[in-house]
Structures are given as C-alpha cells and as structure tokens.
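Chemist: Quick check, what structure comes out for this input:
(2 chains)
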Amino acid sequence: MSVGASVVRSDALAKVTGAALYPGDIHRGNFLHARVVFTGKPHARIVELDVSGALSTPGVLEVLTAADVPVNEYGLTMYDQPVLIGPVHTGRSKVPCDVSRWEADHLAVVIADSEAAARDGAAAIVALWEDLPVMSDIDSAMTGPLLHAENGLDSNQYLHLRIRKGDMKAGWEQAEVVVEGTYEVPYQEHAFLQPEAGLSYFDEAGRVTVEIAGQWTIEDQGQIAHALDLPMDQVRVIYPAIGGAFGGREDQSLQIVLALAAIKLRNKGINRPIRSQWSREESIIGHHKRHRGRVHARWGAKRTGELVAIEAEARLDAGGYNYTSNKVLGNLHVCLAGPYEVPNARIDSYGIYTNAVPGGAFRGFGAPQAALVAESQINKLAEALGMDPVEIRMRNALRDGSITITGSELPDVVSLPMVIESCAAAAGWNEGLPRSPELATFASLPPAGGSLRRGRGFACAYKNVGFSFGYPERCEATVELHGDGEVERAILFHGGADCGQGAHTVLAQMTAEAAGIAFDQVEAHFSDTGSSGDSGSASASRLTWMSGNSILGAVEEALKQWNEGARPAVGTFRYVPPRTEPLDPETGTGQPSFAYGYVAEVVEATVDIDTGHIQIDRVVCADDVGRAINPNLVVGQIEGAIVQAQGYAVTEKLVVENGHTINYRFSNYLIPGIGDIPLEVQSVIVESPDPRGPWGARGVGEMPFLPLAPALVAALHDATGVWFDTIPLTPDLVVAGLRRHGVGGFPDEESPV
Amino acid sequence: MHAVQRHSLRLNNYETPATAADAVSMLDELGERARLIAGGTDLLLELQRGGRPQVDSLIDVSRIEGMDYIRSDGGALRIGAGATHNEVVRSALVVDHALPLAQACWEIGSPQLRNRATVAGNLVTASPANDTISALLALDAELKLLSVRGERVVRLADFYLGVRKSVLAPDEMVTEIAFPIGSPSRRGVFVKLGLRRAQAISVVHLTCLVDIVEDRVRAARIVLGSVGPVVMSADEAAESLVGNPLTDDAIRTASQLAREATRPIDDIRSTGGYRVEMTEVMVKRALEVLSAGRERERWPLNPVTLGAGTRSQRRESVGQPAGPELRAVVNGVTVVTPRAVSKTLLGWLREDAGPALGVSLTGTKEGCAEGECGACTMYLDGYAVMACLIPAGRAHGSTVVTIEGLSEDQGDLHSLQRTFIEHGAVQCGFCTPGLVMAGAKLLEERATPTLDEIRVGLSGNLCRCTGYYKIITAVESAARAQEGKR
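Modeler: Below is the predicted model of the structure:
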C-alpha cells in the first residue's frame, strides 16, 4: 500500500547532498545576465526614459523597456499591471504604463555578458519622473488620486463584497451579550529561502523557455503568451527545484521579462541563455505580501452562547495592483463569521488600491486575518458569558446540515465538532494547565518567576480546498502503464508544483496505489508545459485533492486501454470538480467551494509581563485531512505552518513608510529561528474522509496556520486578562497593552510607553 | 532605480600582510582607499551597501600570526585584535575574570558568525547596539592602536564620538584590547534584550558590575547600550550603590536612576519608551541576580562553537605578494582560479571554483547575503562559517569543505544526511545543505548534543518550511547512529 505510508520523499537525497538544482543553480554555458531595474517610485509618472547610457556601457547587449512589450499588461486575476513602466505606450494594454504605482514596478531590463556590466548598465539609465501623491495606506487612498481609472472606477476602494443574511434588527434584539473590537492585521512576508531566479532560452523545438520557481506552470505560460502576444505552444515553462513558495510565487516575477529577453536577443541574432536572480532585498521589496488590513466586528449571542448577530466591516490594503486581492478578499469575507452557524449577519468587505506593496496569496489566503477576528470575537463572547471556549464553539460550530454564512450547505462530512473535541481531548483541556519549562527572558539570567504569567487559548477554523467562487477548476494527468502481462511500471506526467510540501512524492504514491503497483515502480515527470498538462496551482490546499482525482481518472483510462491490449497503455484525464458559484453581489449567497478541511488548536503560552516576551509552551493542533496520503509529510505541513504562524503572530513586522517597504532584510524582518519555536507541537491527524476526495483526502497546507494567532491571543488573555486586537505581539506592543491595563512594570511610576 | 539596487562589492585589491607592522604600512600607503578586514562580518556588508565608497582595497589582518591571543599579564587581561567571539567564549580566563564579556560574545549572531567576527571589529564598527562595548566599557578596557606614526593607548571610554564614529584614525589599527583583572570580589553580568533568541540585534544591552566586600558595594559600574547614540555609563545609578548593601531598595533606586540616564530613539526594533522602561527592568534583574550570586547559573560549561577545526592552515600563503591567482583546497582538491577580489567566498565557490573543478558547487546557497540565514554554511579551515560574509581572497591557501564534500571520508552519505532523509527534515530543501553542514560540525564537536546545544548549533540557520522539529529529530537520531558505530 502506498497511500497512507510515510514514504521517503523522492527529492530528499538530491536536497541533502546539495545536488538539487534550483533556478539560480542552473548554469548553462555562455549565459548572459539580465538585471531587472525597479522604478523605486511608489507613485510617479515617467516623463522621459533614456537608456542610451546603459546601451553604451561595455558588456551590455540589450536594454528592454516598455516599448518592447507587445501587450504591456499582466496579472493573475486581472490585467492591471504593466510589465514595464515607460513613457512610450504600445497601445495594446488597458492599464497606462507611464505610471509607477509601486516602488518595485519594473522600469527596464539590462542584459549584459556579466553581472557587473548589467549593474553598470542599470546605473546608467536615466529616468525623469513627475512625482504624484503617495498613498501609503488605506486611509490616504480614500481621498487620493485614482490609481486605476482605466477600469472606470471612481474610487481606489475598488472591491466591495456584501453579506446580508437574516434580520439584523431581530438579531440584535435577541442578543443578550455583545462584544466588539477593531482588529489591525499585519503584512506578512513569505520569506521563502530561495530568492527569485530564473533562466530563459530557446529549446530544441524553438519554443521560448523559462526555467523558474513558480506555483502553476500553465498560468505562467499564459501570462508570458499574453504579454508577448505569442501562441501558447510557442512558450514553455519548466520548474526545477522550488525553494519554498507559500503563495509568494503565484504571481509573476521574472517570467515575462526573461522570455522577452530571450526573444529580443534572438531577433538580434544572439542565441544565448539568459539568467537573472534577485537579491533578498529585491525579493522582499519585489513581491506581494499577505494583506494588511483593518476589521471592525460586533458579535451578539444569547445567554446560552447561541450566536444571533454578526456585523463586520473589513478593509484590506491591495497595494498598487490587484494580484489576487479580489479572491483573498472573498475568502476573508466568508471566514469573517468563523466556522459557525449565524442566523443574522451583515458583513462588508472592501479592497483598496494604495501605493504600498501589493497584497496577494499567502498560505491561508485571507482566512488567517479573518480567523484572528472571528476567533477573538467568540473567545471574548465566551469570557463575557462565563462560558468555556470549547463549549461555546460546540454550541455554534458548523456541522452536517448546517447552513453557512453564504446560505449554502457544506459538503459531507462536516467534521468540525469532532475536530474541536479531538483537539480539546488531546490537549487535556478539561484538566489543569500542564507544567512547562520556565521562560528565561534573558539568556544570561535565570527565569524571573515572579513576572511570568501562563495561560492557554483555543481557536478553530475551516479552510476551503480548491479555487472557489465559480472559478473553472480543473486538473489534468497523464499516466502510461508499461509491462507485459502485468503492469510493471507507471509513468506519470503532471504539472503540479512541489514547492517543498512534498507534492511530487504524494502524487507518485497515489499513482502507485491507483495502478496497483509499488511506489518505486512509478516514474514521474513534473512541471514542464512541454510534457504535462494543466494542474492548476499548488495553492488553496488543493493539489492533493485535485491531482489525486486526476490521477485516478488517468489510471482508470489507462487500465481500460491496457485491458484492450494497448502496450504501453496511456490514459489522460481532465478532472473537473463540482461547480462552485460566485457570491451574490447584494446578499453574498452562493455555494463558494466544493471541499473543506477543519482544524482546531490549543496554544499554551508564557508571557513575561515586565518585558512583553512570549514563549509558546505547547501547541496541540488537530486537523481533519480526510486521509493522510503520507502522514509524515502531513506532520511536516502542520509543524511548518505553526511556526510560520508564530512568526505572523509574534515577530514578523513589515513596515511600509511613504510607500516604501523599509525592513527588507532578514536582519530586520525576523522570522522564527530554531530557538524561538514552540517548545512542543503535538499534531493530531484526524481522518474523516471527504467522499469526493481521492482516498478520502481533503487538504492540509493552510489549515494549521489559521487558529494559531487567535489561540495565542486568547492564551495571552488567559494569562494577563488583557485582549490584544493587534498583531504581531512584539514585546513593545505587549508591554504597552499590558500597562494600559495596569499589568506589570513599575506601578508606582508613570509609564512613558 | 531603487535605492537597494545601486550598490555592490567593488574592489581592486586584497592584501594579506604577515605582521601588524606590514598591515599599518599598507594602510598608510593606500590611505583612504583601504580598510582593514578581520572577520569582515560588518565591513563586507557596509561595502556591499555603498558605505565607504572610496574603499577599493582590503587588508586582511585575520591571518597575522600571534594576533588572536587571550592572556593575562601585569594584572591585566589582554585580548589580541584577531581573537574571535568564539575564542573569547572558549577562554577560561575571560569566563573567570570577565564573565560579562564572554556573555556578550556568546549572544552575538550565530556560531558561524562568532567563528569569524572579532571583538576588536565589533568595537571598531562603533554601533551603540554592539554588545561587547557595554561589557568592555564596564571593565574599563583600553585599546592599543598602531600606525606608522607609532603606538598609542586609548581608553574605550574616550574612543567613541557618536553613532559609528570613533577616534580611530584612518591609518590606525587596533592591535589589543586590555582591561584590569580586578579583585576576585568583583562580579558582573551582561544582559541583552533581543527580538529573537539568536541572530538578534540588541534592543537594549547592558552590563552591571559590582564589587561587594563585607556585604557592602565597594565599586559599581552600570553601562547601557542601544539607548543613546553611544554606549553610555550610568554613573549616577552606579554610584548610588556604593557604600551600601545591595538591598532591594538600593537595586530599585539604581535601576530607576539608570532609566533616567537613557536617551533612546524609536526604530524598527522598538519604541524609545519601551527601551526606557526595559532599562529599568534589566538593571533591576541584573542587580538582583548579582545580589543572589546567580550570575553564572546560565553560562554553558562547554559552549558550542561549530569550530571543531584547527588553525593549521592559518599561515599558509600569508604575506605572499598579491599574485594573479587564488589557490585553495576545495573538498580535498586543489583549485586555482583568477583572484576574485570583488567576490565573496560564496560567489567564488559557485561561479569560479565549481567551473574550474568541472563540478557543480551550487549546493552552498545564497539566501540573504548578510549572514542571517545560514544557507551558505561551509567549513573554512575546519570552522563552520557563512561564505557570504567572507571575501573570496580569504580562501587563498585555505581548506574549504562544502556540502558536496561533506560525505567524502564517510564513503557514502554522512549519517546526518541519512537521518535528514529518514525523518523528513527536508521540505523545499534550500536551507538543507547549510543546516546539514552546521549539524555535522555540531556532531563533530559533540557526540551527543543536548537539545540546548542543538538549538545553539543550528541557531545560525533559518528554515521557513519545517518548523525545525524534524531537523532536531534528525540531529538527535544521527548522534545515536554515530554512538552505535563507536
């Protein structure tokens, strides 16, 4: 049996020996260097662009500008971003390309025979700018100039989603307890370890080829083809090893410009591979972030704990371009009511263009922000009602037959109540807080016992699996079966990207299982548009679910051929999942998704009330993954997500000033190191099969991330009696919050904090 | 162009003098064009980011023989300018007589960084956040400065003029740090507040020293860092302790006075107000710990350094005239390339050494180019270091081991590579070579490391995928496997 076994991942050997090649490691002979020049202007109109200095720099072969881009626009969900900013319009894009709306908009690409020459050339580019008002946040964008007038909008607040459910007046009349809060949710940087890099060339078949790390080969291929006005089959995209993604590689970085560079040079008679690589600084400045935003929420319940009314107003900072903001906002919107049955709700969610770094996809896709709000709200209700946080959840949790906030039923099986109970049981929720090693706030001093407070908190969530809101989902697989009398070998061709999560191993396991052979009898070819079909992206916790179904179909087809005598027998299958619906623009009703996973977490934490330092003592995380195809990889996802969420909740604070991201290094954007992680993580794998998932599988990549921040906030409240509606919980923020409530420090003195 | 895209390392010359006298005469000759480099962990970043644009020559003093001493004579403890943070951490003399300095060195950066960065370099950078300054100011250190004009001695208390400004003349070199050993009754502790357990720049750091005789404080020093433009002595606070027993009341008064001495700013790491209040908390806790005699409790008996190497290669090639070649032994094979003066060791390995050897040496990765992520961890003369913070020229005449050469003497795979695979300690894998290199060096240093030692040994390596748990398991498991073999 392959499915359910913790098979060793197929790329592990190459990765531990250093042999695995990431895009920046591929050195084809005689290659050229391409350097992407950022505008550095959060908001300005370009008046003049002079690249003659660059062109006359020794070693420089070519400089690409806006005038070179056939269709100067791109964007994953709408074409609202120019490939290159320049004063010359190609006339074939809707979005004006003479305005830089983000400091990392691309101005030019310098191609040279050495990295140094490319740098020198870049430094010789002269641009004249007319500065425009920089709208650095959502408040200033409400009154500032329009960033995307081309879309016929009359406000930078370009997205508005609504939920109108039940009767709010009746809801509030029934409410015996009401809690309210304004939550500030922060940016988060993906901080994948491998900065953006790529290589382009013409392959043997004459296709312009880009080797790069991404999350969806066919989407990259499509974006390149659109901007360069090429037929799809003239573009090839290959993913070598990918050094982490987490949503941060869903949008374009170097794809289009590398392809353009190869074409321009070939047109000049130069056929040499071109490589480009971003520094860490360029990476952090140059790709989108988890959205920051502000959410006001007001929840009412009866004395029994039954939720009767929810109101929320959410604003997300989309930055200069949409990226996936419309979809992230939709996900946030739906999750703002939590995983609960709510009879009456009024929710408004807005997306706003600004000149800050764009918001986009990042593990959880809007759900982490919503979870902080919804789970804090229900924890506050529990406090106000004197009710146990688990009990209030059991009373309101979505279950089989529940009607969601969008007025639809969830697909079977809705395991949330079971997941909540499993988590509480594993954590010993009904027993006392277990002991834990004391927090030594200062490495050189023994723990200051008198200043330490401990507490624990609970949170839960649900996460849709797959693209939602009516997107035409699909996933393709091709399987060849080789052998004579019996199937001896299966060859899988699949587009699915392994960003590190282990998808390629899982896909091979499912192929072996479906074909009835052993794991090592499967050979697999991945992530090359030259040989694999459209898998959809490695995102939205969807890849196992969708790929498994595509592989099942492909193997079934191949076996049919096999039984008819074909050798090898080849099956190609395009899996299309149940249809989803966009939400009704006025009421928000609809069936947004076809599958879900459910998660609950207990966080135990210690805080030093004098210094604001937090230690997470233990996390117990129960995830209904439906079926763990590879349990060890599932645990890897849970542990990794929890530590990434800890960074989101505690240390990772990205600061934007005047449209510039100011802490763009690992030395001042602090992700958790090995000494910072929760002292213990206990992963509880729940397997309540999704009848439509392959072997019952759901998804796992995002779920464990969602409850951590609100559960930690609740633990902090349990420890100190103070609620925090803003994260990250950096020591200065914690101290300021505690002191406002008279906790810690030197009570006889006036605190300057 | 965006401001961060403007600069890169641009050098023309890399010198390796054999003596301090040679070094200062080169410095005199080259003038403003040159900068001394020892560990280089600050300087290289400064140059890469456009600082000191006039500098095109580096004078590497890290290989001058006899500069890395730590010894006592004439009632003073003397530390050569070549001594690294890890050498200080491993020095019984320092730990016995100057615990705060050992503690400050221990809490800087990561093991890889501490294997390269020198204490003298930390002082010369002159940032108020630099941890050794508070310790050495409290210890009343003085610096020996050498130039072609002669030698002079400057008290550290007179050394700093402002943020990143000191009295060190452009032609001068720090050759020694010295401070009085003091009486055995003098005890001290260094305290650092950072936003992460390792690889954290201080939000506040401080050193408290007290000399208690017959239950009364005979002398005291309280020195505060990161709360003003220079590291400062809180004299009023310290003096309030003198002549009295170290009671709770006395501690409270002193910590309040220390707080009043601060002049901090708001920055990315914290608000100024937070620094003010934390100064009081930290001075109070430090004095309480000294009062209770518990300042050594948290000091590791045998600190992990990832430096299980030897210095046997140190002098080879030193003092040779700057030739046209860079020659080093990489993974057991001698490689010769043109000198790569504007490259880091990382760039040279990946772009020059690999092609010259006809093999791929791209397992050593660039994740941050500032010594924060550890993806470029490799061994230089036996020490685990970050290749991104080392000028390529430093490798001349040295022995380099990369991930590609790790398993060489083990025939197949290193046991840690095996356990990384078995336990699923690999996800995206980009951090993996660096973690394996750090972990393998740790296992060389400690057959069965404790959990704390694993946390220290791998504190210089960031991973964004795994959460580290399976990596810890892999190290523990490899230790058991090695034990089984013995």
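
Chemist: Tell me who's in contact with the residue of the stretch 301-450 of chain B found nearest chain A.
Modeler: Chain A sits closest to B:Gly363 of the stretch 301-450 of chain B, with a gap of 1.8 Å, by Cβ to the nearest Cβ. In this view, the C-beta of every residue, glycine as well, is placed from N, C-alpha and C. Residues in contact with B:Gly363 (Cβ atoms under 8 Å, 6 or more residues apart in numbering or on different chains) are A:17-19, B:402-404, B:433.

Chemist: If we use 10 Å, what do you get?
Modeler: A:14-21, A:25, B:349-350, B:354, B:375-376, B:378, B:402-406, B:432-434, B:436-437 (Cβ atoms under 10 Å, 6 or more residues apart in numbering or on different chains).

Chemist: Where does the residue of the stretch 51-200 of chain B found nearest chain A sit: helix, strand or coil?
Modeler: Nearest residue of the stretch 51-200 of chain B to chain A, counting by Cβ to the nearest Cβ: B:Arg197, 3.0 Å away. Here B:Arg197 takes the coil state, with states given by DSSP: H, G, I helix; E, B strand; the rest coil.

Chemist: Helix, strand or coil: sort out the residue of the stretch 301-450 of chain B closest to chain A for me.
Modeler: coil.

Chemist: which residue sits closest to it, ignoring its sequence neighbours?
Modeler: Distances taken as Cβ to Cβ, 6 or more residues apart in numbering or on different chains put A:Gly18 closest to B:Gly363, at 1.8 Å, once the chain neighbours are dropped.

Chemist: and what of A:Val16?
Modeler: If you skip the residues right next to it in sequence, A:Val16 has B:Gln417 as its closest partner in space, 4.2 Å away by Cβ to Cβ, 6+ apart.

Chemist: can you check A:Gly53 too?
Modeler: A:Gly53's closest residue in space is A:Ala124 (Cβ to Cβ, 6+ apart), at 3.3 Å.

Chemist: The one you found: what's it in contact with?
Modeler: Contacts of A:Ala124 by Cβ under 10 Å, 6+ apart are A:50-57, A:60, A:63, A:110, B:1.

Chemist: Take these and keep only those in strands.
Modeler: The strands, defined by DSSP state E, take in A:50, A:60, A:63, A:110 from the contacts of A:Ala124.

Chemist: which one of those sits closest to chain B?
Modeler: The closest of the ones in strands among the contacts of A:Ala124, once distances to chain B are taken by Cβ to the nearest Cβ, is A:Val110, at 10.2 Å.

Chemist: what bridges to the closest one?
Modeler: A:Arg35, A:Val63 (DSSP bridges).

Chemist: For A:Val735, grab phi and psi.
Modeler: Backbone torsions of A:Val735, given as degrees, to the nearest 10, read phi -60, psi -40.

Chemist: does it really touch B:Leu193, like I thought?
Modeler: No - counting by Cβ atoms under 10 Å, A:Val735 does not reach B:Leu193; the two are 11.2 Å apart.

Chemist: So for these two, which residues contact both of them?
Modeler: Both A:Val735 and B:Leu193 are contacted by A:611-613, B:270, B:274, B:278, B:281, under the criterion Cβ under 10 Å, 6+ apart.

Chemist: what residues does the stretch 101-250 of chain A put near chain B?
Modeler: Counting by Cβ under 10 Å from any Cβ of the partner chain, the residues of the stretch 101-250 of chain A close to chain B are A:103-105, A:107-108, A:115-116, A:119-120, A:122-127, A:190-195, A:197, A:213, A:241-246.

Chemist: can you rerun that using 8 Å?
Modeler: Near chain B, the residues belonging to the stretch 101-250 of chain A are A:103-104, A:107, A:116, A:119, A:122-123, A:125, A:190-195, A:241-246 when assessed by Cβ under 8 Å from any Cβ of the partner chain.

Chemist: In helices only, show me these.
Modeler: A:116, A:119, A:122-123 (DSSP state H).

Chemist: Compare the ones in strands among the contacts of A:Ala124 and tell me which is most surrounded.
Modeler: A:Val110 (29 neighbours; other Cβ atoms under 10 Å in any protein chain shown).

Chemist: And the nearest residue to B:Gly393 once chain neighbours are set aside, how close does it get to chain A?
Modeler: Closest residue to B:Gly393 apart from its sequence neighbours, by Cβ to Cβ, 6+ apart: B:Tyr14 at 3.5 Å. The gap separating B:Tyr14 from chain A is 17 Å, by Cβ to the nearest Cβ, to the nearest Å.

Chemist: tell me the contacts of B:Tyr14?
Modeler: Shown in contact with B:Tyr14 (Cβ under 8 Å, 6+ apart): B:57-58, B:60, B:322, B:339, B:341, B:391, B:393.

Chemist: From those, list the buried ones, please.
Modeler: B:57-58, B:60, B:339, B:341, B:391, B:393 (16 or more other Cβ atoms under 10 Å in any protein chain shown).

Chemist: Next, count neighbours for the residue of the stretch 451-600 of chain A found nearest chain B.
Modeler: When scored by Cβ to the nearest Cβ, the stretch 451-600 of chain A has A:Gly500 as its residue closest to chain B, at 2.8 Å. Residues contacting A:Gly500 under the criterion other Cβ under 10 Å number 32.

Chemist: cool, B:Phe420 as well?
Modeler: So B:Phe420, with other Cβ under 10 Å, has 29 neighbours.

Chemist: helices and strands around the helix or strand that contains it, which ones?
Modeler: B:Phe420 is part of helix B:415-423 when elements are defined by DSSP states H and E. On a contact count with 3 or more Cβ pairs under 8 Å, 6 or more residues apart in numbering or on different chains; DSSP states H and E, helix B:415-423 meets helix A:12-16, helix B:432-445, helix B:469-485.

Chemist: before we move on, back to that, can I get the ones in strands among the contacts of A:Ala124 in JSON lines including pLDDT and distance to B:Gly109?
Modeler: Shown next, in JSON lines, are those (pLDDT from 0 to 100; distance: Cβ to Cβ, whole Å):
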{"residue": "A:Asp50", "pLDDT": "98", "distance to B:Gly109": "44"}
{"residue": "A:Val60", "pLDDT": "98", "distance to B:Gly109": "38"}
{"residue": "A:Val63", "pLDDT": "98", "distance to B:Gly109": "40"}
{"residue": "A:Val110", "pLDDT": "98", "distance to B:Gly109": "35"}
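
Chemist: mean confidence for stretch A:350-363?
Modeler: Averaged across stretch A:350-363, the pLDDT comes to 98.

Chemist: Next: stretch A:259-279.
Modeler: Averaging pLDDT along stretch A:259-279 yields 97.

Chemist: shaky segments in the chain?
Modeler: No chain in the question, so chain A it is. Along chain A, the parts satisfying pLDDT under 70 run over A:747-753.

Chemist: was after chain B, sorry
Modeler: B:309-322, B:409-411, B:486.

Chemist: Which strands and helices lie in contact with the biggest helix by length in it?
Modeler: Longest helix in chain B, counting residues (DSSP H): helix B:272-291. Counting contacts by 3+ Cβ pairs under 8 Å, 6+ apart, helix B:272-291 packs against helix A:731-740, strand B:186-193, strand B:204-213, helix B:248-261.

Chemist: what does the last one rub up against?
Modeler: Yep, that's helix B:248-261 we're talking about. Helix B:248-261 is contacted from outside by A:749, B:206, B:217, B:220, B:222, B:224, B:227, B:232, B:234, B:236-238, B:240-241, B:244, B:276-277, B:279-281, B:283-284, B:287-288, B:291, using Cβ under 8 Å, 6+ apart.
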